[in-house]
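Engineer: Just a sequence and a predicted model for now, questions to come.
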Amino acid sequence: MGTRDTRRIFKGLVINPLAPDRVDYYDPGYLVIEGEKIVRITADDPRWEFPDAKFRDFNEKIILPGFVDTHVHLPQFAMMGVGEGELLTWLNTYTYPEEARFADPAYAEEISTTFFDELVANGTTTAAIYCSIHEPATDIAFIAARAKGVRAFIGKVMMDRNSPPGLMEDTERSIHASVRLFEKWDNNDGGRLRYVFTPRFAASCSISLMHRVGQIARETGAFVQSHLAENVNEVRWIRDLFPDKPSYAGVYDDAGLLGARTIMAHCIHLSAEEINLLAKREVKIAFCPYSNQTLRSGTMPYRKLQDAGLMISLGTDIAGGPSLSMFEQMREAIRATAMTPTEALYLATLAGARSLGISDHIGNFAAGKDADFIVVDVKPRRKAEEALSTLCLESDKKCVVEVYVRGNLMYF
Ligand SMILES: [Zn+2]
């Protein structure tokens, strides 16, 4: 099939995020794609130029880049919206028993398939994902991600202390299983799949485990993801567990875990020194406002982190967060920090791509990027600018009409 046959033009209100304070509107706009890639967006009807292209008119509907979720727990998908209490109680009561079920590959397969279907149905086409401690279940998650065609950064959770019996790992086994998965999956599917070393958080990992992961990350350039300073009681516990360390962030730094390819979720209860340390190491921050609100963890000091120069993106953190929808994360981010809808959209798309080092490939509608986009139906509006605030404040999964991953219609 020649490229002429694979050219397509989609017409609608095209919204293109460019920076925290800049978004372009094309009303109406035309998104031209060729095969899996974006050719251009334009306000001028390009049909005369591409007479053979297939044309699709979405009328008043909105065309947006696919969302990037930089913090989500796949094995907690089935318990979304379940449970109450703050972080540590919630983990022990609801989360750990559910994650233990992933020892069963059949269960892992069922949930993984549903998870990626639902992720895409919500308009998310790239995600950084935590699995359970189980190597086969993590393998299954990669297979499910590849089948769906999404970009996914996936890691087997590592836990070798302070964990329930069914989820307690031997240190060496945890490292070996992670390295096997890294070697098998990192850069698989044309680089769309990446492995992320995933020590759960400092309380459930020994110092020797964290040091080994830090060493591997330095040697291989691998990605690392973990949790940092989510909850006051968690921070106290870390202080008790590591009395000779200067701070929570300092625990990770001593282990060599902080770097430009590290994504730390939450970062709510941090000192000025810790914020400076994270900025110096170029750590990426996953802001999970809906989860923080639901688990009553507190509010991430967004402006402070941003002023320190940190790159911040959005995560759903299901099941701490009760929704896989990035629309709802944008809404909660606006409520928690008074950021603008333009900024919220940037966090949900291009900032996520930048955090994961893939903004050459996804994140907005620049020419040559993957044709990952979603079509959204919101109520009538007067101006294009109003559509964005409606999207952020009143939309959810139900507004998503179609989702394209690399030009393929994957949800409708
Ligand atoms: Zn989390």
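Structural biologist: Happy to help now that I have it.
Engineer: which stretch of helix or strand covers T89?
Structural biologist: helix 87-90 (DSSP states H and E).
Engineer: Return that helix as PDB; C-alpha atoms alone will do.
Structural biologist: C-alpha atoms of helix 87-90 as PDB (Å, rounded to 0.1, in the frame of the first residue of the first chain):
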ATOM      1  CA  LEU A  87      -2.200   5.400  52.900                       C
ATOM      2  CA  LEU A  88      -0.700   2.800  55.300                       C
ATOM      3  CA  THR A  89      -4.000   1.400  56.500                       C
ATOM      4  CA  TRP A  90      -5.400   1.400  53.000                       C
END
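Engineer: so for stretch 309-320, what's the average pLDDT?
Structural biologist: Throughout stretch 309-320, pLDDT has a mean value of 95.
Engineer: Tell me the buried residues in that stretch?
Structural biologist: Neighbour-count burial for stretch 309-320, with 16 or more other CB atoms under 10 Å as criterion, is recorded at L310, M311, I312, S313, L314, G315, T316, D317, I318, A319, G320. C-betas here are computed from N, CA, C, even on glycine.
Engineer: Next: stretch 351-362.
Structural biologist: Using 16+ other CB under 10 Å as the test for burial, stretch 351-362 gives A351, G352, A353, R354, S355, L356, I358, S359, H361, I362.
Engineer: And for stretch 220-240?
Structural biologist: Buried-residue list, stretch 220-240, by 16+ other CB under 10 Å: 222-231, 234-235, 237-238.
Engineer: Out of those, list just those in strands.
Structural biologist: Judged by DSSP state E, the subset of the buried residues of stretch 220-240 located in strands is F223, V224, Q225, S226, H227, L228.
Engineer: of the residues you listed, closest to M339?
Structural biologist: The nearest member of those to M339, counting by CB to CB, is L228 at 21.0 Å.
Engineer: can you tell me how far the closest residue to the closest one other than its chain neighbours sits from I358?
Structural biologist: Residue nearest to L228 in three dimensions, not counting chain neighbours: M264, with 4.3 Å by CB to CB, 6 or more residues apart in numbering. Using CB to CB, to the nearest Å, M264 is found at 18 Å from I358.
Engineer: can you check C288 too?
Structural biologist: 20 Å.
Engineer: do the same with G191
Structural biologist: Distance from G191 to I358, counting by CB to CB: 9 Å.
Engineer: now do E386
Structural biologist: From E386 to I358 the distance is 31 Å (CB to CB).
Engineer: One more: P164?
Structural biologist: 35 Å.
Engineer: One more: A229?
Structural biologist: Taking CB to CB, one finds A229 at 26 Å from I358.
Engineer: same question, D396
Structural biologist: Distance from D396 to I358, counting by CB to CB: 26 Å.
Engineer: Select the helix or strand of this structure having the lowest average pLDDT value.
Structural biologist: Lowest on mean pLDDT, DSSP states H and E among the helices and strands of the chain sits helix 3-6, with a mean of 64.
Engineer: domains of the protein?
Structural biologist: 3-66+361-411, 67-324 (automatic domain parsing).
Engineer: Can you convert the buried residues of stretch 220-240 into JSON lines and add a column each for distance to D372?
Structural biologist: Supplementary listing: the buried residues of stretch 220-240 in JSON lines, determined by distance: CB to CB, whole Å:
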{"residue": "A222", "distance to D372": "24"}
{"residue": "F223", "distance to D372": "20"}
{"residue": "V224", "distance to D372": "25"}
{"residue": "Q225", "distance to D372": "21"}
{"residue": "S226", "distance to D372": "27"}
{"residue": "H227", "distance to D372": "27"}
{"residue": "L228", "distance to D372": "29"}
{"residue": "A229", "distance to D372": "32"}
{"residue": "E230", "distance to D372": "30"}
{"residue": "N231", "distance to D372": "34"}
{"residue": "E234", "distance to D372": "35"}
{"residue": "V235", "distance to D372": "37"}
{"residue": "W237", "distance to D372": "39"}
{"residue": "I238", "distance to D372": "37"}
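Engineer: any chance of those residues in CSV, plus distance to F58 and pLDDT?
Structural biologist: Shown next, in CSV, are the buried residues of stretch 220-240 (distance: CB to CB, whole Å; pLDDT from 0 to 100):
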residue, distance to F58, pLDDT
A222, 40, 98
F223, 35, 98
V224, 40, 98
Q225, 35, 98
S226, 40, 98
H227, 39, 98
L228, 41, 98
A229, 43, 98
E230, 39, 96
N231, 43, 95
E234, 45, 96
V235, 47, 97
W237, 50, 97
I238, 49, 97
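Engineer: Helices of the stretch 1-150 of the chain, start to end?
Structural biologist: Assigned by DSSP state H, counting those that start in this stretch, the helices in the stretch 1-150 of the chain fall at 3-6, 87-90, 96-100, 105-121, 135-148.
Engineer: host element of M264?
Structural biologist: Assigned by DSSP H and E, M264 falls within strand 262-266.
Engineer: name the helices or strands packed onto that strand?
Structural biologist: strand 67-73, strand 223-228, strand 284-287 (3 or more CB pairs under 8 Å, 6 or more residues apart in numbering; DSSP states H and E).
Engineer: gap between that strand and the chain center?
Structural biologist: 10 Å (CA atoms, centre = their mean, to the nearest Å).
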